[in-house]
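Visitor: one predicted model, sequence on top.
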Amino acid sequence: MADTATEEPDAPPPSDDLREALLADFVGHLGDGIADSHLKPGDDLWIRVNPDAWGAAAETLRHKMGCQFFDFVSAIDWMPSPYGREMDAEVDTILAAANVEVEAAEAAPIVQGYAGGETRFQVFGRAINVVDKWGITIKADVPEDTLSVPTWINTYPGAAWHEREVHEMFGVSFDGNVDMRKLYLPTDFEGYPMRKDFPLLARRVKPWPGIVDVEGMPGDDDEEEAAESATEGASE
């Protein structure tokens with residue numbers, strides 16, 4: 001008997017007219033300043049701009065697209081950690097069972113996430129149009145020779161605090177922001193704690209305090225034994 005079954009046609013990809021229009025509008029304003037983009041229908045829009053267009057991207061968001069609300073500016077180090085994972089969490093048990101080793105993490109390629117990238121460090125920021133209720137995430141590669149991009153403070157003054165934090169934690173500078181004082185660390189502190197190659201020695205000496213299953217404090221066993229003995233004595 002002949003097989004009369006037919007294959008179902010592929011479903012058309014989901015559309016997002018709002019974000020497609022936003023992307024086209026942004027491209028119309030910034031043109032060659034855009035390096036790449038990623039649109040996830042019904043979720044968000046990521047646009048990667050060239051490093052020298054980072055400041056212009058903020059101006060476009062606020063003055064051309066009505067994004068009056070500044071959300072944040074931050075950075076990320078995409079390099080796989082040379083130390084592997086150092087937190088004794090459930091995911092580490094899974095990785096250990098799969099024989100995932102530190103050497104494999106070291107050899108892993110750098111993947112810069114949505115909208116791609118070409119450098120180890122990237123900055124990203126977000127602004128929101130509160131009237132029409134949408135936002136856009138902007139990202140940019142950080143040039144490896146200067147580790148700096150233009151500041152956003154001339155467009156969004158609230159970015160000052162965020163840029164100081166990025167500089168303190170990643171070592172990325174923002175041209176035009178002259179106030180790069182530390183927010184959290186001592187003035188003479190050396191290094192950038194959020195870089196993947198910064199050793200977090202506290203995590204290597206003892207389990208991270210945030211996990212559930214941690215080693216007991218000295219004396220805990222004695223207290224438990226005393227409590228068990230008291231319970232047994234009361235039941236006799």
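Guide: Nice, thanks for sending it over.
Visitor: got the contact list for Ala127?
Guide: Ala127 makes contacts with Ala58, Leu61, Arg62, Cys67, Phe69, Phe70, Asp71, Gly135, Ile136, Ile138, Tyr156, as judged by C-beta atoms under 8 Å, 6 or more residues apart in numbering. Just so you know, the C-beta spots here come from the backbone N, C-alpha and C atoms, and that holds for glycine as well.
Visitor: so which of those residues is the most crowded?
Guide: Tallying neighbours with other C-beta atoms under 10 Å puts Leu61 at the head of those, with 29 neighbours.
Visitor: that one contacts Asp71, correct?
Guide: No: counting by C-beta atoms under 8 Å, Asp71 is not a contact partner of Leu61; they are 10.4 Å apart.
Visitor: for Leu200, give its distance to Gln122.
Guide: Between Leu200 and Gln122 the computed distance is 21 Å (C-beta to C-beta, to the nearest Å).
Visitor: from Gly42, how far out is the residue nearest to Asn177 when sequence neighbours are not counted?
Guide: In this structure, Asn177 finds its nearest non-sequential neighbour in Thr151, 4.1 Å apart by C-beta to C-beta, 6 or more residues apart in numbering. Using C-beta to C-beta, one gets 33 Å for the distance from Thr151 to Gly42.
Visitor: more neighbours: these two, which one.
Guide: Thr151 (21 against 10).
Visitor: need the contact list for the more buried one.
Guide: Gly55, Ala159, Glu163, Phe174, Asp175, Gly176, Asn177.
Visitor: next one: Ser74
Guide: Val123, Phe124, Gly125, His162, Glu165, Val166.
Visitor: count of residues packed around Gly28?
Guide: Other residues close to Gly28 by other C-beta under 10 Å number 10.
Visitor: can you tell me the element it falls in?
Guide: helix 17-30 (DSSP states H and E).
Visitor: what's in contact with that helix?
Guide: 34, 37, 39, 41, 44-45, 47, 49, 53, 56-57, 60, 64-65, 134, 136.
Visitor: what do you get if the cut-off is 10 Å, keeping everything else the same?
Guide: 16, 33-34, 37-47, 49-50, 53, 56-57, 59-61, 63-65, 129, 132-136, 138 (C-beta atoms under 10 Å, 6 or more residues apart in numbering).
Visitor: tell me the one of the contacts of Ala127 nearest Asp145?
Guide: Each of the contacts of Ala127 was scored against Asp145 by C-beta to C-beta, and Ile138 proved nearest at 21.9 Å.
Visitor: pretty sure the closest one is touching Pro51, no?
Guide: No: using C-beta atoms under 10 Å, Ile138 makes no contact with Pro51, being 11.8 Å away.
Visitor: Leu200 and Gln122: who's more crowded?
Guide: Neighbours were tallied for Leu200 and for Gln122 using other C-beta under 10 Å; the higher tally belongs to Gln122 (25 against 13).
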